[in-house]
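Participant: Below are the sequence and a predicted model for it; my questions follow.
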Amino acid sequence: MMDSNTATMGNLPRGIGICTTIPDILYLPELVFGGLVWILVASTLVVPANPQAWVMFVSLFCFCVTFIWMVMFFCGTHNNRGSWAAADVAYHGIAAFFYLSASVALAKVTLEIKDTTPLNSQNYKLDISAVVFSYVATLLYVVHTIFSAIRWKSF
């Protein structure tokens, strides 16, 4: 008798299955927290605009691409191919790296304006909220990357 040493083939969800499987269930929180970062940064006025522009780019880019990616998975465009699992790992890894760099830049700017504005200022409070949500979005993208990599290995 020959023993079978092959692993079961990986499976990419489609349809409502993206709302019930790990890591795909993280699409909605990524969109929510990414959208909050986008809204909060857009509603503040900070003198060094360059780091804020990077944060805006990252949050808007990741929001749009994550939404498109989620719709493509919902429609089943992937046809359960391993290349899509690899692309999922690559995209979420890049998004996690982008969000980490944006979070650090936003935290730095927020710490710098702490000395020049009163702590009860509306802009300062909005920036603090944006920093927190940015780090939460970073964590979500990192977790999504890890679980996507585990799924990719099963293909």
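Facilitator: Nice, thanks for sending it over. Residues are numbered from 1 along each chain as shown.

Participant: CA only for contacts and neighbour counts going forward, please
Facilitator: Fine.

Participant: Can you tell me the element Leu45 falls in?
Facilitator: Counting by DSSP states H and E, no helix or strand carries Leu45.

Participant: quick one: it from Val109, how far?
Facilitator: The spacing between Leu45 and Val109, counted by CA to CA, to the nearest Å, is 11 Å.

Participant: And Ala90, by the same measure?
Facilitator: 29 Å.

Participant: Show me which of the two is the more surrounded one.
Facilitator: When neighbours are counted by other CA atoms under 10 Å, Ala90 and Val109 differ, and Val109 comes out ahead with 20 against 15.

Participant: what packs against the one helix or strand Glu112 maps to?
Facilitator: Using DSSP H and E, Glu112 maps to helix 82-114. Counting contacts by 3 or more CA pairs under 8 Å, 6 or more residues apart in numbering; DSSP states H and E, helix 82-114 packs against helix 49-75, helix 122-153.

Participant: which of these sits most buried?
Facilitator: Stretch with highest mean neighbour count among these: helix 122-153 (a mean of 20; mean count of other CA atoms under 10 Å).

Participant: If we go by neighbour counts, what in stretch 10-23 is buried?
Facilitator: Gly10, Leu12, Pro13, Arg14, Ile18, Cys19, Ile22, Pro23 (16 or more other CA atoms under 10 Å).

Participant: ok, the first one touching Ser148?
Facilitator: No. With contact defined as CA atoms under 8 Å, Gly10 and Ser148 do not form a contacting pair (10.8 Å).

Participant: picking that back up, tell me which two in the buried residues of stretch 10-23 are the farthest apart.
Facilitator: The span of the buried residues of stretch 10-23, defined through CA to CA, is set by Gly10 and Cys19 at 17.3 Å.

Participant: that older thread, got the helices and strands packed on helix 82-114 as TSV, with mean pLDDT and distance to Val41 columns?
Facilitator: Output for those, formatted as TSV (pLDDT from 0 to 100; distance: least, CA to CA, whole Å):
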stretch	mean pLDDT	distance to Val41
helix 49-75	92	7
helix 122-153	94	6
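
Participant: tell me the phi and psi of Thr21?
Facilitator: Main-chain torsions, Thr21, degrees, to the nearest 10: phi -120, psi 150.

Participant: From Phe74, how far off is it?
Facilitator: Where Phe74 is concerned, Thr21 sits at a distance of 12 Å (CA to CA).
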